[in-house]
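> Mind folding the following:
(one chain, ligands or ions: 3)
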Amino acid sequence: MRNPRAFLRPLAVGAPKPSSDVPFRPSRMIHFFDPSNEKMAAKVPDIAMKVDIILGNLEDAVKTEKKEAARQGLVDIAKATDFGDTQLWTRVNSLDSPWVLDDIVTLVTEIGDKLDVIMVPKVEGPQDIHYVDRLLAQLEARAGLDRQILVHAILETAEGVANVEEIAAASPRMQGISLGPADLAASRRMKTTRVGGGHPGYLVRQDPTGEDLTAGRATYQQDLWHYTISRMVDACAMNDILPFYGPFGDIKDVVACEDQFRNAFLLGCVGAWSLHPVQIDIAKKVFSPSPEDVAHAKRVVEAMGDGSGAVMIDGKMEDDASCKQCLVMLDLAKSLAERDPELAAAYDL
Ligand SMILES: CC(=O)SCCNC(=O)CCNC(=O)[C@H](O)C(C)(C)COP(=O)(O)OP(=O)(O)OC[C@H]1O[C@@H](n2cnc3c(N)ncnc32)[C@H](O)[C@@H]1OP(=O)(O)O
Ligand SMILES: O=CC(=O)O
Ligand SMILES: [Mg+2]
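Ligands and ions are numbered 1, 2, ... in the order given. The predicted structure follows:
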(Lines give C-alpha, C1' and ligand atoms only; values in the text may rest on other atoms or scores of the structure.)
(Ligands and ions follow the chains in the order given, each with its own letter.)
Protein backbone atom coordinates (compact mmCIF):
# COMPACT_ATOMS: atom_id res chain seq x y z
CA MET A 1 0.00 0.00 0.00
CA ARG A 2 1.44 3.38 -1.01
CA ASN A 3 1.69 6.04 1.68
CA PRO A 4 -1.19 8.57 1.62
CA ARG A 5 0.97 11.37 0.11
CA ALA A 6 2.24 9.13 -2.71
CA PHE A 7 -1.17 7.70 -3.52
CA LEU A 8 -2.07 10.47 -5.96
CA ARG A 9 1.33 10.68 -7.68
CA PRO A 10 1.73 9.32 -11.23
CA LEU A 11 3.43 5.90 -11.35
CA ALA A 12 5.61 6.82 -14.34
CA VAL A 13 7.40 9.96 -15.43
CA GLY A 14 5.17 11.81 -17.89
CA ALA A 15 2.00 9.84 -17.01
CA PRO A 16 -1.20 11.78 -16.31
CA LYS A 17 -1.89 12.71 -12.70
CA PRO A 18 -4.40 10.41 -10.98
CA SER A 19 -7.69 11.99 -10.04
CA SER A 20 -8.95 11.76 -6.47
CA ASP A 21 -12.57 11.21 -7.57
CA VAL A 22 -14.30 8.87 -9.97
CA PRO A 23 -16.28 11.25 -12.18
CA PHE A 24 -19.99 10.35 -12.13
CA ARG A 25 -21.20 9.36 -15.58
CA PRO A 26 -24.41 7.45 -16.34
CA SER A 27 -23.43 3.78 -16.07
CA ARG A 28 -26.68 1.82 -16.07
CA MET A 29 -25.55 -0.82 -18.52
CA ILE A 30 -22.18 -2.07 -19.74
CA HIS A 31 -23.06 -3.47 -23.15
CA PHE A 32 -20.77 -6.33 -24.23
CA PHE A 33 -19.91 -7.06 -27.83
CA ASP A 34 -17.37 -9.34 -29.47
CA PRO A 35 -15.25 -7.20 -31.85
CA SER A 36 -14.34 -10.31 -33.86
CA ASN A 37 -18.00 -11.00 -34.65
CA GLU A 38 -18.78 -9.04 -37.81
CA LYS A 39 -22.54 -8.97 -37.27
CA MET A 40 -22.18 -7.64 -33.75
CA ALA A 41 -19.45 -5.18 -34.68
CA ALA A 42 -21.63 -3.72 -37.46
CA LYS A 43 -24.25 -2.82 -34.86
CA VAL A 44 -21.85 -0.97 -32.56
CA PRO A 45 -22.31 2.60 -33.91
CA ASP A 46 -26.11 2.31 -33.44
CA ILE A 47 -25.98 0.52 -30.11
CA ALA A 48 -23.42 2.98 -28.77
CA MET A 49 -26.02 5.76 -29.08
CA LYS A 50 -28.46 3.79 -26.87
CA VAL A 51 -26.22 2.68 -24.02
CA ASP A 52 -24.22 4.36 -21.27
CA ILE A 53 -21.17 2.13 -21.73
CA ILE A 54 -20.12 0.01 -24.70
CA LEU A 55 -17.49 -2.66 -24.02
CA GLY A 56 -15.35 -4.51 -26.54
CA ASN A 57 -14.89 -7.92 -24.95
CA LEU A 58 -11.61 -9.75 -25.55
CA GLU A 59 -11.89 -12.40 -22.79
CA ASP A 60 -14.31 -15.28 -22.18
CA ALA A 61 -16.93 -15.75 -24.94
CA VAL A 62 -14.31 -14.92 -27.60
CA LYS A 63 -12.93 -18.06 -29.22
CA THR A 64 -9.21 -18.75 -28.79
CA GLU A 65 -8.52 -18.50 -32.52
CA LYS A 66 -10.31 -15.11 -32.60
CA LYS A 67 -8.37 -13.41 -29.79
CA GLU A 68 -6.09 -11.39 -32.10
CA ALA A 69 -8.96 -10.57 -34.46
CA ALA A 70 -11.05 -9.29 -31.54
CA ARG A 71 -8.21 -7.04 -30.34
CA GLN A 72 -7.62 -5.61 -33.82
CA GLY A 73 -11.38 -5.34 -34.41
CA LEU A 74 -11.74 -3.19 -31.32
CA VAL A 75 -8.90 -0.92 -32.47
CA ASP A 76 -10.56 -0.50 -35.89
CA ILE A 77 -14.04 0.15 -34.45
CA ALA A 78 -12.76 2.64 -31.90
CA LYS A 79 -10.84 4.59 -34.55
CA ALA A 80 -13.82 4.66 -36.92
CA THR A 81 -16.57 5.50 -34.42
CA ASP A 82 -17.60 8.69 -32.67
CA PHE A 83 -18.98 7.47 -29.36
CA GLY A 84 -20.32 10.87 -28.28
CA ASP A 85 -20.68 10.86 -24.51
CA THR A 86 -21.03 7.06 -24.34
CA GLN A 87 -18.12 5.50 -22.49
CA LEU A 88 -15.86 3.07 -24.33
CA TRP A 89 -14.54 0.20 -22.22
CA THR A 90 -12.74 -3.04 -22.93
CA ARG A 91 -12.46 -6.32 -21.02
CA VAL A 92 -8.93 -7.62 -21.54
CA ASN A 93 -7.88 -11.23 -21.10
CA SER A 94 -6.95 -12.48 -17.64
CA LEU A 95 -3.56 -11.55 -16.23
CA ASP A 96 -2.24 -15.13 -16.47
CA SER A 97 -3.23 -15.50 -20.14
CA PRO A 98 -0.91 -15.34 -23.19
CA TRP A 99 -2.89 -12.42 -24.65
CA VAL A 100 -3.22 -9.81 -21.93
CA LEU A 101 0.11 -8.05 -22.36
CA ASP A 102 -0.53 -7.46 -26.07
CA ASP A 103 -4.14 -6.50 -25.28
CA ILE A 104 -3.09 -3.71 -22.94
CA VAL A 105 -0.05 -2.51 -24.92
CA THR A 106 -1.96 -2.43 -28.22
CA LEU A 107 -5.11 -0.80 -26.91
CA VAL A 108 -3.43 1.95 -24.92
CA THR A 109 -1.02 2.70 -27.74
CA GLU A 110 -3.60 2.68 -30.54
CA ILE A 111 -6.82 3.93 -28.91
CA GLY A 112 -5.79 5.08 -25.42
CA ASP A 113 -7.28 8.51 -26.10
CA LYS A 114 -10.71 6.92 -26.63
CA LEU A 115 -10.69 4.26 -23.90
CA ASP A 116 -12.31 5.25 -20.63
CA VAL A 117 -11.97 2.07 -18.59
CA ILE A 118 -10.16 -1.28 -18.78
CA MET A 119 -12.05 -4.13 -17.12
CA VAL A 120 -9.69 -6.68 -15.59
CA PRO A 121 -11.10 -10.18 -15.07
CA LYS A 122 -10.37 -12.65 -12.26
CA VAL A 123 -8.74 -10.09 -9.98
CA GLU A 124 -7.55 -11.92 -6.86
CA GLY A 125 -5.98 -9.17 -4.78
CA PRO A 126 -4.49 -5.65 -4.81
CA GLN A 127 -1.29 -7.00 -6.41
CA ASP A 128 -3.20 -7.53 -9.67
CA ILE A 129 -4.38 -3.91 -9.69
CA HIS A 130 -0.87 -2.64 -8.82
CA TYR A 131 0.57 -4.50 -11.82
CA VAL A 132 -1.98 -3.04 -14.24
CA ASP A 133 -1.68 0.40 -12.62
CA ARG A 134 2.07 0.69 -13.23
CA LEU A 135 1.90 -0.78 -16.72
CA LEU A 136 -0.87 1.65 -17.69
CA ALA A 137 1.12 4.61 -16.34
CA GLN A 138 4.14 3.62 -18.45
CA LEU A 139 2.03 3.19 -21.57
CA GLU A 140 0.06 6.40 -21.01
CA ALA A 141 3.35 8.31 -20.69
CA ARG A 142 4.68 6.77 -23.88
CA ALA A 143 1.44 7.49 -25.76
CA GLY A 144 1.38 11.09 -24.46
CA LEU A 145 -2.12 10.71 -22.98
CA ASP A 146 -3.36 13.59 -20.88
CA ARG A 147 -5.95 11.71 -18.82
CA GLN A 148 -5.83 8.43 -16.96
CA ILE A 149 -7.51 5.27 -18.19
CA LEU A 150 -9.45 3.87 -15.23
CA VAL A 151 -9.56 0.26 -14.05
CA HIS A 152 -12.59 -1.90 -13.26
CA ALA A 153 -12.16 -5.28 -11.52
CA ILE A 154 -14.38 -8.32 -11.89
CA LEU A 155 -15.08 -10.07 -8.59
CA GLU A 156 -15.16 -13.67 -9.72
CA THR A 157 -12.81 -15.76 -7.61
CA ALA A 158 -13.08 -16.87 -4.00
CA GLU A 159 -9.75 -15.17 -3.31
CA GLY A 160 -10.98 -11.95 -4.90
CA VAL A 161 -14.03 -11.91 -2.65
CA ALA A 162 -11.82 -12.49 0.40
CA ASN A 163 -9.71 -9.46 -0.66
CA VAL A 164 -12.44 -7.22 -2.07
CA GLU A 165 -11.81 -4.30 0.31
CA GLU A 166 -8.08 -4.22 -0.60
CA ILE A 167 -8.92 -4.46 -4.31
CA ALA A 168 -11.31 -1.51 -4.08
CA ALA A 169 -8.67 0.58 -2.30
CA ALA A 170 -5.69 -0.52 -4.39
CA SER A 171 -5.33 2.54 -6.64
CA PRO A 172 -6.90 5.92 -7.43
CA ARG A 173 -7.35 4.40 -10.87
CA MET A 174 -10.08 2.07 -9.54
CA GLN A 175 -13.42 3.00 -11.14
CA GLY A 176 -15.55 0.14 -9.84
CA ILE A 177 -16.16 -3.58 -9.44
CA SER A 178 -18.59 -6.01 -11.13
CA LEU A 179 -19.84 -9.27 -9.68
CA GLY A 180 -18.93 -12.13 -12.04
CA PRO A 181 -21.32 -14.86 -10.86
CA ALA A 182 -20.35 -17.49 -13.46
CA ASP A 183 -16.63 -17.71 -12.75
CA LEU A 184 -17.24 -17.10 -9.06
CA ALA A 185 -19.59 -20.10 -8.92
CA ALA A 186 -16.88 -22.28 -10.49
CA SER A 187 -14.15 -20.89 -8.24
CA ARG A 188 -16.27 -21.51 -5.13
CA ARG A 189 -17.22 -25.00 -6.38
CA MET A 190 -20.89 -24.10 -6.19
CA LYS A 191 -23.08 -26.80 -7.72
CA THR A 192 -24.80 -24.60 -10.29
CA THR A 193 -24.47 -24.56 -14.07
CA ARG A 194 -25.79 -21.06 -14.86
CA VAL A 195 -24.56 -17.54 -15.67
CA GLY A 196 -26.00 -15.52 -12.78
CA GLY A 197 -29.54 -15.42 -11.44
CA GLY A 198 -31.18 -17.71 -8.91
CA HIS A 199 -31.63 -21.46 -8.60
CA PRO A 200 -34.84 -23.32 -7.76
CA GLY A 201 -32.97 -25.66 -5.40
CA TYR A 202 -31.69 -22.81 -3.20
CA LEU A 203 -34.72 -22.23 -1.00
CA VAL A 204 -36.26 -22.16 2.45
CA ARG A 205 -39.38 -24.16 3.26
CA GLN A 206 -42.23 -23.28 5.55
CA ASP A 207 -42.44 -25.37 8.76
CA PRO A 208 -44.68 -28.47 8.65
CA THR A 209 -48.24 -27.89 9.78
CA GLY A 210 -49.11 -31.54 10.57
CA GLU A 211 -47.89 -35.11 10.35
CA ASP A 212 -47.52 -35.01 6.57
CA LEU A 213 -44.14 -33.38 5.90
CA THR A 214 -44.97 -32.93 2.22
CA ALA A 215 -48.32 -31.10 2.57
CA GLY A 216 -48.98 -27.35 2.55
CA ARG A 217 -45.42 -26.15 2.91
CA ALA A 218 -44.65 -23.17 0.72
CA THR A 219 -41.06 -22.76 -0.47
CA TYR A 220 -39.32 -19.47 -1.21
CA GLN A 221 -36.39 -19.26 -3.57
CA GLN A 222 -33.45 -17.41 -2.04
CA ASP A 223 -30.83 -15.13 -3.57
CA LEU A 224 -27.50 -16.89 -4.16
CA TRP A 225 -25.69 -13.55 -4.62
CA HIS A 226 -26.91 -11.47 -1.70
CA TYR A 227 -23.81 -11.86 0.44
CA THR A 228 -21.34 -11.16 -2.35
CA ILE A 229 -23.21 -8.18 -3.79
CA SER A 230 -23.60 -6.64 -0.33
CA ARG A 231 -19.93 -7.11 0.46
CA MET A 232 -18.90 -5.68 -2.90
CA VAL A 233 -21.22 -2.68 -2.46
CA ASP A 234 -19.72 -1.92 0.97
CA ALA A 235 -16.16 -2.21 -0.36
CA CYS A 236 -17.03 0.14 -3.24
CA ALA A 237 -18.98 2.65 -1.13
CA MET A 238 -16.20 2.98 1.43
CA ASN A 239 -13.75 3.75 -1.40
CA ASP A 240 -16.07 5.99 -3.46
CA ILE A 241 -16.05 3.68 -6.46
CA LEU A 242 -18.99 2.12 -8.34
CA PRO A 243 -20.48 -1.39 -7.88
CA PHE A 244 -22.17 -3.31 -10.74
CA TYR A 245 -24.03 -6.58 -11.13
CA GLY A 246 -22.48 -8.63 -13.98
CA PRO A 247 -24.06 -10.99 -16.52
CA PHE A 248 -27.49 -12.64 -16.62
CA GLY A 249 -27.12 -15.51 -19.06
CA ASP A 250 -30.76 -16.55 -19.56
CA ILE A 251 -31.34 -14.08 -22.37
CA LYS A 252 -34.93 -15.27 -23.02
CA ASP A 253 -35.99 -14.86 -19.37
CA VAL A 254 -36.38 -11.09 -19.40
CA VAL A 255 -38.55 -11.23 -16.27
CA ALA A 256 -35.95 -12.89 -14.03
CA CYS A 257 -33.25 -10.66 -15.56
CA GLU A 258 -35.22 -7.60 -14.47
CA ASP A 259 -35.61 -9.07 -10.96
CA GLN A 260 -31.88 -9.79 -10.68
CA PHE A 261 -30.98 -6.30 -11.89
CA ARG A 262 -33.49 -4.71 -9.49
CA ASN A 263 -32.12 -6.62 -6.49
CA ALA A 264 -28.69 -5.24 -7.38
CA PHE A 265 -30.06 -1.70 -7.83
CA LEU A 266 -31.82 -1.80 -4.46
CA LEU A 267 -28.66 -3.07 -2.77
CA GLY A 268 -26.63 -0.15 -4.17
CA CYS A 269 -25.33 -1.14 -7.61
CA VAL A 270 -25.33 1.53 -10.33
CA GLY A 271 -25.66 -0.79 -13.33
CA ALA A 272 -25.35 -4.29 -14.81
CA TRP A 273 -23.97 -5.93 -17.94
CA SER A 274 -26.12 -6.32 -21.04
CA LEU A 275 -25.07 -9.33 -23.12
CA HIS A 276 -27.77 -9.04 -25.76
CA PRO A 277 -29.65 -6.01 -27.13
CA VAL A 278 -32.81 -7.16 -25.32
CA GLN A 279 -31.16 -6.52 -21.95
CA ILE A 280 -30.33 -2.86 -22.67
CA ASP A 281 -33.79 -1.48 -21.98
CA ILE A 282 -34.19 -3.69 -18.92
CA ALA A 283 -31.07 -2.14 -17.39
CA LYS A 284 -32.13 1.36 -18.43
CA LYS A 285 -35.50 0.91 -16.75
CA VAL A 286 -34.22 -0.70 -13.57
CA PHE A 287 -31.19 1.51 -12.91
CA SER A 288 -33.06 4.78 -13.51
CA PRO A 289 -35.04 5.66 -10.35
CA SER A 290 -38.80 5.49 -10.96
CA PRO A 291 -40.62 8.84 -11.34
CA GLU A 292 -42.71 7.87 -8.26
CA ASP A 293 -39.60 7.38 -6.12
CA VAL A 294 -38.16 10.66 -7.37
CA ALA A 295 -41.42 12.52 -6.59
CA HIS A 296 -41.47 11.02 -3.10
CA ALA A 297 -37.82 11.89 -2.54
CA LYS A 298 -38.51 15.50 -3.56
CA ARG A 299 -41.42 15.72 -1.08
CA VAL A 300 -39.29 14.39 1.77
CA VAL A 301 -36.35 16.69 1.03
CA GLU A 302 -38.63 19.73 0.75
CA ALA A 303 -40.47 18.86 3.98
CA MET A 304 -37.20 18.27 5.85
CA GLY A 305 -35.84 21.77 5.16
CA ASP A 306 -32.28 21.79 6.54
CA GLY A 307 -32.39 17.97 6.79
CA SER A 308 -32.71 17.76 10.60
CA GLY A 309 -35.64 16.82 12.83
CA ALA A 310 -38.59 14.55 12.02
CA VAL A 311 -41.79 14.97 9.97
CA MET A 312 -44.80 12.78 9.09
CA ILE A 313 -45.52 12.19 5.38
CA ASP A 314 -48.37 9.84 4.41
CA GLY A 315 -48.36 8.33 7.88
CA LYS A 316 -44.62 7.60 7.86
CA MET A 317 -41.90 9.16 9.97
CA GLU A 318 -39.12 10.78 7.97
CA ASP A 319 -35.92 12.05 9.53
CA ASP A 320 -32.27 12.82 8.75
CA ALA A 321 -31.56 9.23 7.69
CA SER A 322 -34.48 8.79 5.29
CA CYS A 323 -33.78 12.31 3.98
CA LYS A 324 -30.21 11.20 3.14
CA GLN A 325 -31.58 8.19 1.22
CA CYS A 326 -33.87 10.55 -0.68
CA LEU A 327 -30.88 12.74 -1.54
CA VAL A 328 -29.05 9.69 -2.96
CA MET A 329 -32.10 9.03 -5.16
CA LEU A 330 -32.38 12.68 -6.24
CA ASP A 331 -28.67 13.03 -7.00
CA LEU A 332 -28.83 9.99 -9.27
CA ALA A 333 -32.04 11.21 -10.93
CA LYS A 334 -30.50 14.65 -11.60
CA SER A 335 -27.30 13.19 -13.05
CA LEU A 336 -29.26 10.87 -15.37
CA ALA A 337 -31.70 13.62 -16.37
CA GLU A 338 -28.82 15.85 -17.47
CA ARG A 339 -28.16 13.38 -20.29
CA ASP A 340 -31.68 12.16 -20.96
CA PRO A 341 -34.44 14.69 -21.78
CA GLU A 342 -37.15 11.99 -21.45
CA LEU A 343 -36.07 11.28 -17.89
CA ALA A 344 -35.79 15.00 -17.14
CA ALA A 345 -39.43 15.39 -18.20
CA ALA A 346 -40.58 12.28 -16.27
CA TYR A 347 -38.82 13.50 -13.13
CA ASP A 348 -39.96 17.11 -13.62
CA LEU A 349 -36.41 18.28 -12.94
C1 LIG B 1 -19.76 -15.03 -18.02
C2 LIG B 1 -19.31 -13.86 -18.94
O3 LIG B 1 -18.13 -13.62 -19.11
S4 LIG B 1 -20.55 -12.89 -19.66
C5 LIG B 1 -19.69 -11.85 -20.79
C6 LIG B 1 -19.22 -12.55 -22.05
N7 LIG B 1 -20.32 -12.93 -22.93
C8 LIG B 1 -20.70 -12.09 -23.90
O9 LIG B 1 -20.12 -11.04 -24.10
C10 LIG B 1 -21.86 -12.57 -24.75
C11 LIG B 1 -22.30 -11.48 -25.72
N12 LIG B 1 -23.50 -11.89 -26.42
C13 LIG B 1 -23.49 -12.85 -27.34
O14 LIG B 1 -22.46 -13.45 -27.67
C15 LIG B 1 -24.80 -13.15 -28.03
O16 LIG B 1 -25.78 -12.21 -27.66
C17 LIG B 1 -25.39 -14.56 -27.74
C18 LIG B 1 -24.41 -15.66 -28.16
C19 LIG B 1 -25.72 -14.70 -26.28
C20 LIG B 1 -26.69 -14.70 -28.54
O21 LIG B 1 -26.39 -14.37 -29.87
P22 LIG B 1 -27.41 -14.75 -31.05
O23 LIG B 1 -27.74 -16.20 -30.98
O24 LIG B 1 -26.86 -14.22 -32.34
O25 LIG B 1 -28.71 -13.94 -30.59
P26 LIG B 1 -29.87 -13.40 -31.50
O27 LIG B 1 -30.07 -14.29 -32.69
O28 LIG B 1 -31.04 -13.19 -30.61
O29 LIG B 1 -29.31 -11.97 -31.97
C30 LIG B 1 -30.11 -11.07 -32.67
C31 LIG B 1 -29.22 -10.07 -33.35
O32 LIG B 1 -28.54 -9.29 -32.35
C33 LIG B 1 -27.15 -9.36 -32.55
N34 LIG B 1 -26.52 -9.40 -31.23
C35 LIG B 1 -26.59 -10.38 -30.31
N36 LIG B 1 -25.90 -10.03 -29.21
C37 LIG B 1 -25.37 -8.81 -29.46
C38 LIG B 1 -24.56 -7.95 -28.71
N39 LIG B 1 -24.12 -8.28 -27.47
N40 LIG B 1 -24.23 -6.76 -29.24
C41 LIG B 1 -24.63 -6.43 -30.48
N42 LIG B 1 -25.40 -7.21 -31.25
C43 LIG B 1 -25.77 -8.40 -30.75
C44 LIG B 1 -26.90 -10.65 -33.31
O45 LIG B 1 -25.70 -10.59 -34.06
C46 LIG B 1 -28.13 -10.71 -34.21
O47 LIG B 1 -27.90 -9.89 -35.32
P48 LIG B 1 -28.71 -10.12 -36.73
O49 LIG B 1 -30.14 -9.74 -36.45
O50 LIG B 1 -28.05 -9.17 -37.67
O51 LIG B 1 -28.54 -11.56 -37.10
O1 LIG C 1 -17.24 -12.75 -16.22
C2 LIG C 1 -18.27 -12.89 -15.64
C3 LIG C 1 -18.63 -14.06 -14.92
O4 LIG C 1 -19.76 -14.12 -14.40
O5 LIG C 1 -17.78 -14.98 -14.87
MG1 LIG D 1 -15.91 -14.42 -15.88
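> G271 against H31, yeah?
No - with contact defined as C-beta atoms under 8 Å, G271 does not count as touching H31 (10.2 Å). Heads up, the C-betas are built off the backbone N, CA and C, glycines and all.
> ok, what's across the strand from A153?
With DSSP bridges as the criterion, A153 is bridged to V120, I177.
> Show the residue spans covered by the helices in this structure.
38-48, 67-80, 100-111, 126-143, 158-162, 164-168, 181-187, 226-238, 254-267, 278-287, 291-304, 320-339, 341-347 (DSSP state H).
> any chance of the ones you listed in CSV, with distance to ligand 2, mean pLDDT and mean neighbour count too?
Below are those laid out as CSV (distance: least, C-beta to the nearest ligand atom, whole Å; pLDDT from 0 to 100; neighbours: other C-beta atoms under 10 Å):
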stretch, distance to ligand 2, mean pLDDT, mean neighbour count
helix 38-48, 17, 96, 14
helix 67-80, 15, 98, 18
helix 100-111, 15, 98, 18
helix 126-143, 15, 98, 19
helix 158-162, 11, 98, 17
helix 164-168, 15, 98, 21
helix 181-187, 3, 98, 20
helix 226-238, 11, 98, 18
helix 254-267, 12, 98, 18
helix 278-287, 14, 98, 20
helix 291-304, 29, 97, 17
helix 320-339, 25, 96, 16
helix 341-347, 29, 95, 15
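> Mind putting those into CSV with distance to M119?
Putting the helices of the chain into CSV (distance: least, C-beta to C-beta, whole Å) gives the following:
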stretch, distance to M119
helix 38-48, 17
helix 67-80, 13
helix 100-111, 11
helix 126-143, 11
helix 158-162, 13
helix 164-168, 13
helix 181-187, 13
helix 226-238, 15
helix 254-267, 17
helix 278-287, 16
helix 291-304, 30
helix 320-339, 22
helix 341-347, 26
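> mind putting those in a markdown table, distance to ligand 3 included?
Shown next, in a markdown table, are the helices of the chain (distance: least, C-beta to the ion, whole Å):
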| stretch | distance to ligand 3 |
| --- | --- |
| helix 38-48 | 19 |
| helix 67-80 | 15 |
| helix 100-111 | 14 |
| helix 126-143 | 14 |
| helix 158-162 | 11 |
| helix 164-168 | 15 |
| helix 181-187 | 4 |
| helix 226-238 | 14 |
| helix 254-267 | 16 |
| helix 278-287 | 17 |
| helix 291-304 | 32 |
| helix 320-339 | 27 |
| helix 341-347 | 31 |
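> Where do the domain boundaries of the protein fall?
What automatic domain parsing lists as the domains of the chain is 4-287, 289-349.
> which residues does the nearest residue to S97 once chain neighbours are set aside contact?
Distance criterion C-beta to C-beta, 6 or more residues apart in numbering; nearest residue to S97, sequence neighbours excluded, is E59 at 8.0 Å. E59 is in contact with R91, V92, N93, S94, S97, P121, counting by C-beta atoms under 8 Å, 6 or more residues apart in numbering.
> Just those residues: which are in strands?
R91 (DSSP state E).
> which one of the contacts of E59 is nearest E342?
R91 (29.6 Å; C-beta to C-beta).
> is it true that the closest one touches L55?
Yes - taking C-beta under 8 Å as the definition, R91 is a contact partner of L55 at 5.9 Å.
> Please tell me how far L330 sits from K191.
43 Å (C-beta to C-beta, to the nearest Å).
> Stretch 42-49 and ligand 1, are they touching?
Yes - using C-beta under 6 Å from any ligand atom, stretch 42-49 reaches ligand 1 at K43, I47.
> From the contacts of E59, pick the one nearest E166.
Among the contacts of E59, and counting by C-beta to C-beta, the member closest to E166 is P121, at 17.5 Å.
> For the closest one, give me the pLDDT.
What the model reports as pLDDT for P121 is 98.
> Check the spacing between it and N57 real quick.
Counting by C-beta to C-beta - P121 and N57 are separated by 10 Å.
> intersection of neighbour lists for those two?
Counting by C-beta under 8 Å, 6+ apart, the contacts common to P121 and N57 are R91.
> Identify the bridge partners of P243.
What pairs with P243, by the bridge criterion (DSSP bridges), is I177.
> my guess is it contacts C269, does it?
Yes - under the criterion of C-beta under 8 Å, P243 makes contact with C269 at 4.8 Å.
> Pull up the overlap in contacts between these two.
In contact with both P243 and C269: I229, V233, using C-beta under 8 Å, 6+ apart.
> Neighbour count for those two, which is higher?
Using other C-beta atoms under 10 Å as the criterion, P243 and C269 rank with C269 on top: 28 against 25.
> what's the closest non-adjacent residue to P291?
That would be A346: by C-beta to C-beta, 6+ apart, it lies 4.6 Å from P291.
> er, D102 actually
In space, D102 is closest to R71, 6.9 Å off (C-beta to C-beta, 6+ apart).
> now the closest residue to F83 other than its chain neighbours: how far from D85?
Residue nearest to F83 in three dimensions, not counting chain neighbours: A48, with 5.2 Å by C-beta to C-beta, 6+ apart. The gap separating A48 from D85 is 10 Å, by C-beta to C-beta.
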